[in-house]
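Engineer: What follows is a predicted structure for the sequence shown.
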Amino acid sequence: MPIRVAVAAYRLICERVDALLRGRAGTAELVVPACPGWTLRQVAAHLTGVAQDIISLDLENKGTGPWADAQVARLDGYGIEDLLDLWGQSLDAVSANLDLASEAAVCQLVFDTVTHEHDIRGALGEPGFRTGDPAFKAALSFVTMMGDQFIRHAELPALRLCTPTVGSVQLGDPGAARGGVALSISDFEALRAFGGRRSVAQLLALPWDGNPTQLMPAFTNLLPAFTHDGIRPPADDLVE
């Protein structure tokens, strides 16, 4: 995916989150079920803090829990509308920096941001876009690229993933392990499954063709490893 297309998707998500949260200060302290321990205001602080850290190039620990927690702590004194203002004001500078970044880094940013958009939507009970969203293409590009690398590295069973946006793509080496599996799901469900928003029980209950048990380390160990332990299935089911 061209970087500029992914950057445009990132800006689009920012606009949608702004429209979701602006003028609703009374919901700022609403707990976000998909992000245990965070409120809507704290998710907004994280998204704003990520933009600030991209501008300042504070990216050494990107994707880690401490990196995100530092953003939330740094912006703790801001109201939700102030955070939205800061995020919106940063977009031009963020876009300029992203033009120099790798495709993988930009797609990872879109993946994280659209994941949090749906976390916010879940807390508000406003589902929004679950199909035909241009942000899915960038987000799932990251998912498939990293999923392929990790499944190959760990010699796990190959996965044939099918979604409307991805089409049909093979993750992993079909000759590295026996018992390959296939999975055909929506773009939204792929985002949530690979984004650490589905429990292991929910993952196993997806409409697999074949036995997915040996593939579970791709969700519980490998994706978290890439994001410095930032993505891990929740203990309890998240129903959306």
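Structural biologist: Good, I have the coordinates. Residues are numbered from 1 along each chain as shown.
Engineer: Domain ranges for this structure, per the record?
Structural biologist: Taking the TED database as the reference, the chain has its domains at 3-124, 135-222.
Engineer: nearest residue to the spatially most central residue of the chain other than its sequence neighbours?
Structural biologist: Closest residue to the average C-alpha location of the chain: D112 at 3.2 Å, with C-alpha atoms, centre = their mean. Once flanking residues are discounted, D112 sits nearest to V50: 7.3 Å by C-beta to C-beta, 6 or more residues apart in numbering. From N, CA and C alone the C-beta is placed, and that goes for glycine too.
Engineer: could I get the domains of the chain as JSON lines with mean pLDDT?
Structural biologist: Supplementary listing: the domains of the chain in JSON lines, determined by pLDDT from 0 to 100:
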{"stretch": "domain 3-124", "mean pLDDT": "94"}
{"stretch": "domain 135-222", "mean pLDDT": "91"}
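Engineer: Output those in JSON lines, with distance to A235 appended to each entry.
Structural biologist: Output for the domains of the chain, formatted as JSON lines (distance: least, C-beta to C-beta, whole Å):
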{"stretch": "domain 3-124", "distance to A235": "9"}
{"stretch": "domain 135-222", "distance to A235": "7"}
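Engineer: Which one, of those, ends up nearest to E240?
Structural biologist: domain 3-124 (5.2 Å; C-beta to C-beta).
Engineer: Quick one: end-to-end distance for the closest one.
Structural biologist: Domain 3-124 has its terminal residues 31 Å apart, counting by C-alpha to C-alpha, to the nearest Å.
Engineer: show me where this structure has helices.
Structural biologist: With DSSP state H, the ranges of helices along the chain come out as 3-21, 40-56, 65-74, 80-98, 103-124, 134-153, 187-194, 200-204, 217, 223-226.
Engineer: Need these in JSON lines (columns: distance to V31).
Structural biologist: Below are the helices of the chain laid out as JSON lines (distance: least, C-beta to C-beta, whole Å):
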{"stretch": "helix 3-21", "distance to V31": "15"}
{"stretch": "helix 40-56", "distance to V31": "8"}
{"stretch": "helix 65-74", "distance to V31": "14"}
{"stretch": "helix 80-98", "distance to V31": "14"}
{"stretch": "helix 103-124", "distance to V31": "7"}
{"stretch": "helix 134-153", "distance to V31": "24"}
{"stretch": "helix 187-194", "distance to V31": "18"}
{"stretch": "helix 200-204", "distance to V31": "20"}
{"stretch": "helix 217", "distance to V31": "30"}
{"stretch": "helix 223-226", "distance to V31": "23"}
